[in-house]
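Participant: sequence? don't have it. structure:
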């Protein structure tokens, strides 16, 4: 628990203020077995103190090694729950807006107008801009879904006691898998399996007697293009992960200044507290901007990669 990174990584509990969730186990038998195995030297008082404020997530399908690592089976983590919450919130909120948007008239209500503006932005400025009007409209629903889901996960980290699901590589990697699956699938459907591969190979207008050299160049370029396809989408996941983690680490570092100055004089503590409050407020505003920006960048780059796959070079 001394490692500050543990406060922003995925875990198997929700943390709230201690007075809201106090532990009062009467004996060590009441302490979950995995905690007793992970900390055999801890006493009952240690468990009650350290576990106060931590709401453990039930694990019906797996066993835990500790609060941050699974031991076996399928273990449900905090970020998994938050992702489901984001998906359900988006489903019900967008469903409400869809009911207010009619094809025979303008949308009714502020929420419906806001959703329509967002969808039109993704369609016109992302899908059509990157892929083209003809093909872009086909991928607009997927790109809009990616955008709002990533944005929802990013914004979860701005709420107290929750976390940022996109701060775990498993989440961003899964999103990148959706993107690369769509890219390859769209290219194969549009150009055919052989056409998709041939689209990565440059046409070299050399005489026939240079055929061995031509084939060597084309095979090399094909290998680079296939590797680049994987690398691009891997970087897509890492970029989103790094930006979301970096912002929280900066805020965590600023908050650590108050803890470090707790034992200093009143003047030093007051200075550290003032700088921390102002700095955290400013960085929180920046984090809010980054949450929108990274959702847009991921979606726009995914659209660009789809465009590269379905259009002849």
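Facilitator: Alright, I've got the coordinates. Just so we're clear, the structure is a prediction, and the values are computed from it rather than from any experiment.

Participant: CA atoms for contacts and neighbours, from now on please.
Facilitator: Will do.

Participant: which residues touch residue 70?
Facilitator: For residue 70, the contact set (CA atoms under 8 Å, 6 or more residues apart in numbering) comprises 62-64.

Participant: Drop anything exposed from the residues you listed.
Facilitator: Using 16 or more other CA atoms under 10 Å as the burial test, the contacts of residue 70 include 63-64 as buried.

Participant: What is the nearest of the contacts of residue 70 to residue 182?
Facilitator: residue 62 (31.9 Å; CA to CA).

Participant: re earlier: and which of the contacts of residue 70 is nearest residue 215?
Facilitator: Nearest to residue 215 out of the contacts of residue 70 is residue 62 (CA to CA; 52.2 Å).

Participant: about what we covered before: so which of the contacts of residue 70 belong to strands?
Facilitator: 62-64 (DSSP state E).

Participant: now those in JSON lines, with pLDDT and distance to residue 96?
Facilitator: Listed next are these as JSON lines, based on pLDDT from 0 to 100; distance: CA to CA, whole Å:
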{"residue": "62", "pLDDT": "91", "distance to residue 96": "36"}
{"residue": "63", "pLDDT": "92", "distance to residue 96": "39"}
{"residue": "64", "pLDDT": "92", "distance to residue 96": "39"}
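
Participant: Now do residue 169: how many residues are near it, please.
Facilitator: By other CA atoms under 10 Å, 16 other residues sit near residue 169.

Participant: cool, residue 21 as well?
Facilitator: Look at residue 21: counted by other CA under 10 Å, it has 14 neighbours.

Participant: Hmm, residue 49 and it touching each other?
Facilitator: No - between residue 21 and residue 49 there is no contact under CA atoms under 8 Å: 10.9 Å.

Participant: circling back to that earlier point, would you list the contacts of residue 70 in TSV and tack on distance to residue 121?
Facilitator: Shown next, in TSV, are the contacts of residue 70 (distance: CA to CA, whole Å):
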residue	distance to residue 121
62	43
63	45
64	44
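
Participant: out of the contacts of residue 70, who's nearest residue 191?
Facilitator: Nearest member of the contacts of residue 70 to residue 191, counting by CA to CA, is residue 62, at 44.0 Å.

Participant: Lovely, talk soon.
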